[in-house]
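A.B. asks: Pasting a predicted model and its sequence here:
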Amino acid sequence: MLRNLSSSIPALLIGAVGGAVFLYLRMPLAWMLGAMFFTGVTVLAGLDRKVTLRVEPRLRTVMIVIIGVMLGSAFKPEMIDRAREWLGLIILMLAYIPIVTTICYWMFRRMARLDPVTAYFSAAPGGLQEMTLVGEAFGGDGRSIILTHALRIFITVMTVPVYFRFIEGLNVPPMAQGPHFWQLPWHEGALLILCGGAGWYAAKFLRIPAAQLVGPMIVSALVHLFGWSHAAPPPELVAIAQVVMGAALGCRFVGTPLKEVGRIATWAALATLVMLGVALGMTLGFADWAGIKTEAMMLVLAPGGMAEMSLVALGLGVEVAIVASMHIFRIAVVVIAVPPVFRLLGLKQKS
């Protein structure tokens, strides 16, 4: 275990340097974006030849548990009365998913010349791990699928906070806000730890997708909705979690030839722009109808990672509960609906 953790040190050091640089530059979500950018560039530039950059999966899992508890702490008792307002967002999400999947499938199939299976599972805006596993099970090219989704998340996470900060002029803090380690009462800290451990274990037992994030978030949300706690994980701990998450995202490109990355990246970037464009169009057209702030609805529809988009919402102080819940809904719908629709369409494994 210790040996596996020690192998993560080079990547985490690079990530920490990147986070510190982005923090100095006052960039939004500095620790996560800086770590992701620096490790990603290091890997793609081939500077990791002497030392393999990796992040121990179990370490990343623990950090995601922390993020889950933090996201759950944003749920407030008054949100229960607003649950019925989410119906409009659910309808819009159910429209958004097939629209972007259809457009991006056409791009990957006709323009990028990917085989039907790989194109289909690369186009669906689901979770990276889920789409890769299901896509491979149906005979798709797992490497292309994971690369496409990794780039989609990478590009979205890098651009959306920057857009809000420098185009919309909204304040996205460089790091999480809140009471520090030494200001957190011990009983509140113990309750947060219990939320993380119990939520993770229960979600794993129930085989809930993304158990390490969803379980702690649900338990933490319940604890905060009932008013049993008003605390959140300290910003120092959240910063560490963001460095680990960012470095892990950057390390996903390890072992991928730059030529292959370049070929897939072009179409992945275009597909991501299409998804963001559709999200922006639906936001401008339907945010008032859905009764939600435009920045919150954009984060709901943005095709980034569930944890990352929720962190942006937390930084902006807008509708964290809705953003997190809608991303869970999106991933659940895609995971449930994509395989049977694939069979219904009769797509073949080979072009």
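C.D. replies: Structure's in. What do you need? Please read these numbers as outputs of a predicted model, since none were measured by experiment. Residues are numbered from 1 along each chain as shown.

A.B. asks: got any ranges where the chain has weak pLDDT?
C.D. replies: Where the chain drops to pLDDT under 70, the residues are 1-5, 28-29, 48, 78-84, 129, 133, 169-182, 209, 347-351.

A.B. asks: top helix in it by residue count?
C.D. replies: The residue-count maximum for a helix in the chain (DSSP state H) belongs to helix 258-290.

A.B. asks: what does the helix or strand that that one is followed by contact?
C.D. replies: As assigned by DSSP states H and E, the chain's next helix or strand after helix 258-290 is helix 294-301. For helix 294-301, contacts defined as C-beta atoms under 8 Å, 6 or more residues apart in numbering pick out 89, 92-93, 96, 160, 164, 168, 170, 278-280, 282-284, 286-287, 290, 292, 309, 312-313, 316, 318-319, 322-323, 326-327. Just so you know, the C-beta spots here come from the backbone N, C-alpha and C atoms, and that holds for glycine as well.

A.B. asks: List buried members of those by neighbour count.
C.D. replies: Buried by 16 or more other C-beta atoms under 10 Å: 89, 92-93, 96, 160, 164, 170, 278-280, 282-283, 286-287, 290, 292, 309, 312-313, 316, 318-319, 322-323, 326-327, out of the contacts of helix 294-301.

A.B. asks: and Trp228, how many residues sit next to it?
C.D. replies: 11 (other C-beta atoms under 10 Å).

A.B. asks: what's the answer for the one 3 residues further on, then?
C.D. replies: Burial measure for Ala231: 20 neighbouring residues, criterion other C-beta under 10 Å.

A.B. asks: Could I get the buried residue list for whichever helix or strand Val335 is part of?
C.D. replies: In the assignment (DSSP H and E), Val335 maps to helix 320-345. When burial is assessed from 16+ other C-beta under 10 Å, helix 320-345 yields the following buried residues: 320-335, 337-339, 342.

A.B. asks: Next: stretch 57-64.
C.D. replies: Buried residues in stretch 57-64 (16+ other C-beta under 10 Å): 59-60, 63-64.

A.B. asks: For that stretch, output the C-alpha coordinates as CSV.
C.D. replies: What follows is stretch 57-64, C-alpha atoms only, in CSV (Å, rounded to 0.1, in the frame of the first residue of the first chain):
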residue,chain,number,x,y,z
PRO,A,57,-6.6,4.8,-7.6
ARG,A,58,-7.3,4.2,-3.9
LEU,A,59,-5.9,7.6,-3.0
ARG,A,60,-8.1,9.3,-5.6
THR,A,61,-11.1,7.4,-4.3
VAL,A,62,-10.5,8.7,-0.8
MET,A,63,-10.2,12.3,-2.1
ILE,A,64,-13.5,11.9,-4.1
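
A.B. asks: That stretch: how far from the chain's middle?
C.D. replies: Put simply, stretch 57-64 sits 14 Å off its chain's centre (C-alpha atoms, centre = their mean, to the nearest Å).

A.B. asks: phi, psi of the residue nearest to the spatial centre of the chain?
C.D. replies: Note on the chain: the residue nearest the mean C-alpha position is Gly305, at 1.6 Å, using C-alpha atoms, centre = their mean. Main-chain torsions, Gly305, degrees, to the nearest 10: phi -70, psi 150.

A.B. asks: Skipping adjacent residues, who's closest to it in space?
C.D. replies: Distances taken as C-beta to C-beta, 6 or more residues apart in numbering place Ile153 nearest to Gly305, at 4.8 Å, with adjacent residues excluded.

A.B. asks: What of Gly127?
C.D. replies: Going by C-beta to C-beta, 6+ apart, Gly127 has Ile331 as its nearest residue, at 4.8 Å.

A.B. asks: again, but for Trp86
C.D. replies: Closest to Trp86 by C-beta to C-beta, 6+ apart is Ile322, at 6.4 Å.

A.B. asks: Isn't Phe22 up against Met36?
C.D. replies: No. Using C-beta atoms under 8 Å, Phe22 makes no contact with Met36, being 9.6 Å away.

A.B. asks: which strands and helices sit next to the helix holding Val335?
C.D. replies: helix 87-106, helix 116-123, helix 128-137, helix 211-225, helix 294-301, helix 306-316 (3 or more C-beta pairs under 8 Å, 6 or more residues apart in numbering; DSSP states H and E).

A.B. asks: CSV for the ones you listed, including distance to Val274?
C.D. replies: Putting these into CSV (distance: least, C-beta to C-beta, whole Å) gives the following:
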stretch, distance to Val274
helix 87-106, 5
helix 116-123, 10
helix 128-137, 17
helix 211-225, 26
helix 294-301, 12
helix 306-316, 18
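
A.B. asks: out of these, nearest to Pro77?
C.D. replies: Closest to Pro77 of these, according to C-beta to C-beta: helix 211-225, at 5.6 Å.

A.B. asks: about what we covered before: was I right about the residue nearest to the centre of the chain contacting Val157?
C.D. replies: Yes. The criterion here is C-beta under 8 Å, and Gly305 meets it with Val157 at 6.5 Å.

A.B. asks: Next one: Gly34 relative to Arg165, how far apart?
C.D. replies: Gly34 sits 14 Å away from Arg165, going by C-beta to C-beta, to the nearest Å.

A.B. asks: cool, and Gly285?
C.D. replies: 24 Å.

A.B. asks: now do Arg263
C.D. replies: With C-beta to C-beta as the criterion, Arg263 and Arg165 are 31 Å apart.
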